[in-house]
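> predicted model, plus sequence, below.
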Amino acid sequence: MSTRETTGSRTAERATPERRTAAPDLDEVRRRQREEYGGLSWGSAFFGWLVAVGVATLLIALLSAAGAAVGLTDTDDAGTIGILGGILLLAVLAVAYYAGGYVAGRMARFNGPRQGLAVWLLGLIVTVLLALAGVLLGAEYNVLSGLNLPRIPVDEGALTTGGLFVLAAVLVGTLLAALAGGKAGSHYHRKVDRVGD
C-alpha cells in the first residue's frame, strides 16, 4: 500500500459520521447567546433615544407646517384646536418613541421591551435635567422653551387637573409605545432564528 493510499484512508476515517461531533441543540445555543449578550444595552438605548428625538422633531415640524398651511392657528375656537393639538402631539410622540424602541430592540437583539424602557427612561431623564437646568440657571438657559416647539395647551405656571391628565397621557403613551417598539425590534431576530431551525 502506498503512502498516498494510506493518507487517503486516514482522511476517509476522519470524515466518517461516527467521528463528527453532534450539532449543539439550538435552544441551548440561544440560551447561551441570551446569557452572554442579553440584558440592558445602554448603547442601543442611546441610539434609540436619538432616533426618537429625531423622529419627534421631524414630525412636529411637519405637524406645525400643516397646521399653519390649513389655517388651524387662525380659528376662533382655541379650545378645540388646543385639544386637537394635544392629541396630535401625543400621537407624534408615541410614533417617535415606538421608532426609538424599535431601533434599540433591533440593535440589542434580546430583551426588546427592556431596551424600549431604557429609551423612554433616557428621554425622561434628559427632559427632567433640561427643565431643572432652566429653573436653576434662569430663563436664558431654558433649552426647552428656546426650541419653540408646539406646546401642549397647558399653562406652565399652574399645574391644573387638565395639565396633570395631559402629562400622564404623554408619559403612559410614550412608555407603551417605546415598549411595543422594542418588542417589535427584537421580534425580527426571532424570525431570523426560526429560519435557521
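Thanks, I have the structure now.
> quick one, helices of the protein?
Along the chain, the segments classed as helices by DSSP state H run 3-14, 26-37, 42-69, 78-108, 112-137, 143-146, 161-195.
> tell me which of those helices sits most buried.
Ranked by mean neighbour count under mean count of other C-beta atoms under 10 Å, the helices of the chain are led by helix 78-108, which reaches a mean of 21. C-beta: built from backbone N, CA, C; applies to glycine.
> packing partners of that one?
For helix 78-108, the elements it packs on are helix 42-69, helix 112-137, helix 161-195, judged by 3 or more C-beta pairs under 8 Å, 6 or more residues apart in numbering; DSSP states H and E.
> average pLDDT for the last one, rounded please.
In this model, helix 161-195 carries a mean pLDDT of 83.
> which strands and helices sit next to it?
The criterion is 3+ C-beta pairs under 8 Å, 6+ apart, and the helices and strands that helix 161-195 contacts are helix 42-69, helix 78-108, helix 112-137.
> one step back: nearest to residue 28, out of the helices and strands packed on helix 78-108?
Ranking these by proximity to residue 28 (C-beta to C-beta) places helix 161-195 first, at 13.1 Å.
> what's the angle from that closest one to helix 78-108?
Angle, helix 161-195 to helix 78-108, by axes from the mean of the first three to the mean of the last three C-alpha atoms, to 10 degrees: 30 degrees.
> ok so, going back, lowest mean pLDDT across the helices of the chain, which one is that?
Among the helices of the chain, helix 3-14 scores lowest, at a mean of 50.
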